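Novice: Only the shape, not the letters, is given here:
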């Protein structure tokens, strides 16, 4: 089957299902697994490069306020690839090409492809989408097997943290302005043995004022700016360090959101395993290949950072 994936998370699911060879095109943001970026790209963003976090927020609000999409679709290239299945989403208007645009384009293509939209709001729905996409691609058995493996890993995490004291956690998906973690993030925190201090499961992440967050005094503030990687998240954590410290957070940890938190695909389980390690390092090992940065003041007032999970694990074990 010839499949065009217009969402990074669906690209990851398709490759995890063993269908990488069937994927004929992806988005400009599909960077995992390593084979994905070599596929033809069908999208481009209208947001200029090099903007700061508040500038990005302002530009997104301006473009969407004008009723325009944040991404453009290369219809001519898509038509030339003759897809049988197009995978998209409508859950987040700032994450992918407009769903309505995809449906309209699909209806004009000679191949008359089926359009499947994956729109999860919760962790359970993310897992269910593994089955949905596998079924649409004609590989239901592969979907059942992948889902079983993911659920087994989740069960193992829950078992390791069961009965332990739960730290209060504040998840921030953006810092200027602050956005409270939503959708599946509160469930990830719960599965990892934490308690979300303010986020609500299966609800959209929402903008908040810093004043609203004062007094929360979370044990851990997890900085996960949507679509960013750990180095960028760490830089933002340090840039807004005074704001974060004013919340009374016991620890501030920057994580690799684009890899393990923002995209509703298999690697959310990696994110849960990482959170479990951060909350309960004595019983939950750090997952391989998932980076984070622990941001805390050292004795002389400078930031103390550990950019790799193993580095932080070694410091904890040496205490």
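Specialist: Sure, I can see it. Small disclaimer: the values here were computed from a predicted structure and weren't measured. Residues are numbered from 1 along each chain as shown.
Novice: Just give the nearest non-adjacent residue to the residue sitting nearest the centre point of the chain, would you?
Specialist: Centroid check for the chain by C-alpha atoms, centre = their mean gives residue 262 as the closest residue, at 1.2 Å. Of all residues not flanking residue 262 in the chain, residue 226 sits nearest, at 4.9 Å (C-beta to C-beta, 6 or more residues apart in numbering). The C-beta positions use only the backbone N, C-alpha and C, and glycine is treated the same way.
Novice: Assess the claim that that neighbour and residue 256 are in contact.
Specialist: No. Contact criterion C-beta atoms under 8 Å: residue 226 and residue 256 do not qualify, at 12.0 Å.
Novice: Neighbour count for the two, which is higher?
Specialist: Under the criterion of other C-beta atoms under 10 Å, the comparison of residue 226 against residue 256 puts residue 256 first, with 26 against 18.
Novice: For the more buried one, give me its contacts.
Specialist: Contact analysis of residue 256 by C-beta atoms under 8 Å, 6 or more residues apart in numbering lists 229-230, 233, 290-292.
Novice: Repeat the analysis, applying 10 Å as the threshold.
Specialist: With contact set as C-beta atoms under 10 Å, 6 or more residues apart in numbering, residue 256 has these partners: 224, 228-234, 262, 267, 270-271, 274, 289-293, 309.
Novice: What separation do you get for it and residue 139?
Specialist: Counting by C-beta to C-beta, to the nearest Å, the gap from residue 256 to residue 139 is 29 Å.
Novice: any common contacting residues for residue 226 and residue 256?
Specialist: Both residue 226 and residue 256 are contacted by residue 262, under the criterion C-beta under 10 Å, 6+ apart.
Novice: hmm, back to that, counting neighbours, which of the contacts of residue 256 end up buried?
Specialist: 224, 228-230, 232-234, 262, 267, 270-271, 274, 290-293, 309 (16 or more other C-beta atoms under 10 Å).
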